[in-house]
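[1] got a sequence here, can you build the structure:
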Amino acid sequence: MNTQLVNANSQHAHPSTQPAPPAEYVRRMEKEIVREGRVEEKNLKHAIKDLSHLEKSETKAAKIADKAEHTLHKSEKKEQSTLNALNKATNKHDVAAANLHSAEQEAQVRQKQHEKLQADLERKKAVVDNAIKSHEAHVKEREAKLGSLHGDRPVVPGHPAAPIN
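    Residues are numbered from 1 along each chain as shown. Now for the predicted structure:
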């Protein structure tokens, strides 16, 4: 509406040659100007209110971003400490596995030594058994020889008539 009035006024060459505007026209123009002022003020209040809300949202978003950054740093620290613990555990496992392998080898060596000693013991027992049997046979032979020297009487060890050496 204001543009129509301006257009109507711009068609006249000089304002001094124009007749005075009627009172109705002046009232409408005043109302229009007041209305424009109210609309502009209302729009300005809305804009200020929107700005305030946006500032609050930005502040809240900044706080949330800071909190997220803090959580990120905390998570990074936790991940690093977990990684360190994992490396430590992996190292312990590697040492334990090496110790296990070493113990297995040691057990095999000791088992072979035991088996060898068992075999040596069995051979030695056989040698000693043969030596005992041979000794017993030799003792009987010597006793028989001694008995034949003393008049053909058999000498029984532990017998009261047995000679004393």
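[2] longest single helix anywhere in the protein?
    The longest helix of the chain (DSSP state H) is helix 23-149.
[3] just checking, what packs against that one?
    Under the contact criterion of 3 or more CB pairs under 8 Å, 6 or more residues apart in numbering; DSSP states H and E, helix 23-149 touches helix 2-10. C-betas here are computed from N, CA, C, even on glycine.
[4] follow-up on the earlier one: give the rounded mean pLDDT of the longest helix of the chain.
    When pLDDT is averaged over helix 23-149, the result is 95.
[5] chain center to it: distance?
    Distance, stretch centre to chain centre, for helix 23-149: 3 Å (CA atoms, centre = their mean, to the nearest Å).
[6] mind starting the numbering at 27 from now?
    Sounds good: first residue 27 from here, last item helix 49-175.
[7] and Glu169, how many neighbours does it have?
    Using other CB atoms under 10 Å, Glu169 has 16 other residues around it.
[8] could you do Leu143 as well?
    Applying other CB under 10 Å, we find 11 residues neighbouring Leu143.
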